[in-house]
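A.B. asks: Please find the sequence and the predicted model below.
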Amino acid sequence: LTTGIVTGISAGTDLITYQLPTGCLTTTPVTIKPLPTSYFMTGGGSYCTGGAGVHVGLSGSDEGVYYQLYIGPFTSGDPDGTGGPLDFGLQTAPGIYTVIATNLATSCSRNMTGSASVYINPLPNVYPVIGGGSYCAGGTGLHVVLSGSDVGINYRLYNEETALGWLIAGTGSAIDFGLQTAAGNYTVIATNAFTGCTNNMGGSATIIVNPLPAVFTVTGGGNYCAGGTGVHVNLSGSQTGIIYQLYNGGIAVGGPVAGIGILLDFGLQTAAGNYTVVAFNPATTCTNNMTGVATVGINPLPAVYSVTGGGS
């Protein structure tokens, strides 16, 4: 008994004539089973670490044919043919995907054409966001800084959900986003300019704007006669927790006076000059000048002359 391989025969039933070892010729019918139709692999591509993956599919399919997806030598998914394109769903594992089709009726298998490759792009490196703090209203603000950066990565500053300024290209060192004056929670998002992958930088910088002490009016003052007890200098109101300092020119007069929620009387002032008041919040270190000036003047007494005359 000898064997041989017959090629070049189309699917279907055909007659094959071959020679027996005896030298006689014989003819026998042979049924050639068709291979599954070849379709092209579709999909694949790249996605960012932590993403949902990318779709892998087949451009077509036939009913009654079983399509096995492979990633390298390993199986992944096993849909049946539908008569239309196939989607094997989102694939997350990196590698080269191929498909083998098997006709369940004939057991004939065939590799589908091409392949789909899946790549995972890394996210930008995470660097801490630092800076922030508190400052007094009307001040220059506070710096917000990213402690590091990478070349090829763009960084954008956010206050809560609002993007601030332009994208700043990484330099390989820290990035100072400058003085920020608005209160809020500042974060930074990094974007890879080539892959489009984004990542939140670590932590945040919070800026608090402390209000200045409320403004009240300096009142009182006036003129008094030399040698008199002086005149009162007042502040039209005050706040509890705020300290008020009286000044004559640039020189402090007396000690600090604590606010009581109502008018303050700094007492009788005898030195001539222009009196002002500065308010200080010891909790925030914020200061504010009170409005107005109380001017104290000293009127001289009439000149002294001797009384003369009299007698008997």
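C.D. replies: That came through fine.
A.B. asks: Every contact and neighbour count from this point should use C-alpha atoms.
C.D. replies: OK.
A.B. asks: chain center to stretch 266-279, what's the gap?
C.D. replies: Put simply, stretch 266-279 sits 52 Å off its chain's centre (Cα atoms, centre = their mean, to the nearest Å).
A.B. asks: And that stretch, what's buried?
C.D. replies: Along stretch 266-279, the positions that meet the burial threshold by neighbour count (16 or more other Cα atoms under 10 Å) are 266, 269-270, 272-279.
A.B. asks: hmm, who's touching that stretch?
C.D. replies: Applying Cα atoms under 8 Å, 6 or more residues apart in numbering, the contact partners of stretch 266-279 are 213, 218, 221, 228-235, 242-249, 287-298.
A.B. asks: now the helix or strand I207 falls within: mean pLDDT?
C.D. replies: Per DSSP states H and E, I207 falls inside strand 205-210. Per-residue confidence for strand 205-210 averages out to 98 on the pLDDT scale.
A.B. asks: Kindly report the same for stretch 51-71.
C.D. replies: 95.
A.B. asks: quick one: terminal-to-terminal distance for that stretch?
C.D. replies: Taking Cα to Cα, to the nearest Å, the span from the opening residue of stretch 51-71 to its closing residue is 19 Å.
A.B. asks: swap in stretch 264-281?
C.D. replies: Stretch 264-281 has its terminal residues 16 Å apart, counting by Cα to Cα.
A.B. asks: distance between that stretch and the chain's centre?
C.D. replies: Relative to where its chain is centred, stretch 264-281 has its mean C-alpha point 49 Å off (Cα atoms, centre = their mean).
A.B. asks: Quick check: which helices or strands does the strand holding I207 pack against?
C.D. replies: Strand 205-210 makes packing contacts with strand 129-131, strand 133-136, strand 184-192 when contacts are defined by 3 or more Cα pairs under 8 Å, 6 or more residues apart in numbering; DSSP states H and E.
A.B. asks: how about those strands, which one is nearest S312?
C.D. replies: Checking these against S312 by Cα to Cα gives strand 133-136 as the closest, at 80.3 Å.
A.B. asks: Give the pairing partners of that closest one; include direction for each.
C.D. replies: Each strand paired with strand 133-136, and its direction, by DSSP bridges: strand 205-210 (parallel).
A.B. asks: Where does V145 fall, secondary structure wise?
C.D. replies: Applying DSSP H and E, one finds V145 within strand 142-146.
A.B. asks: Using PDB, list the CA coordinates for that strand.
C.D. replies: What follows is the C-alpha trace of strand 142-146 in PDB, where atoms were taken according to Å, rounded to 0.1, in the frame of the first residue of the first chain:
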ATOM      1  CA  LEU A 142       1.200  82.900  46.000                       C
ATOM      2  CA  HIS A 143       3.200  80.600  43.700                       C
ATOM      3  CA  VAL A 144       2.000  77.200  42.600                       C
ATOM      4  CA  VAL A 145       4.800  74.900  41.500                       C
ATOM      5  CA  LEU A 146       5.100  71.400  40.000                       C
END
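A.B. asks: Now do it: everything it contacts.
C.D. replies: Applying Cα under 8 Å, 6+ apart, the contact partners of strand 142-146 are 127-135, 174-181, 186, 188, 205, 207.
A.B. asks: go again using 10 Å as the cut-off
C.D. replies: Residues from elsewhere that reach strand 142-146, judged by Cα atoms under 10 Å, 6 or more residues apart in numbering: 126-135, 155, 157, 173-182, 186-188, 201-202, 204-209.
A.B. asks: From those, list just the buried residues.
C.D. replies: Buried by 16+ other Cα under 10 Å: 126-132, 135, 155, 157, 174-175, 177, 180-181, 186-188, 201-202, 204-209, out of the contacts of strand 142-146.
A.B. asks: now the helices and strands packed on strand 205-210 in TSV, with mean pLDDT and distance to C24?
C.D. replies: Compiled in TSV, the helices and strands packed on strand 205-210 are given as follows (pLDDT from 0 to 100; distance: least, Cα to Cα, whole Å):
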stretch	mean pLDDT	distance to C24
strand 129-131	98	91
strand 133-136	98	103
strand 184-192	98	76
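A.B. asks: Before I go, just wanted to say thanks for your time.
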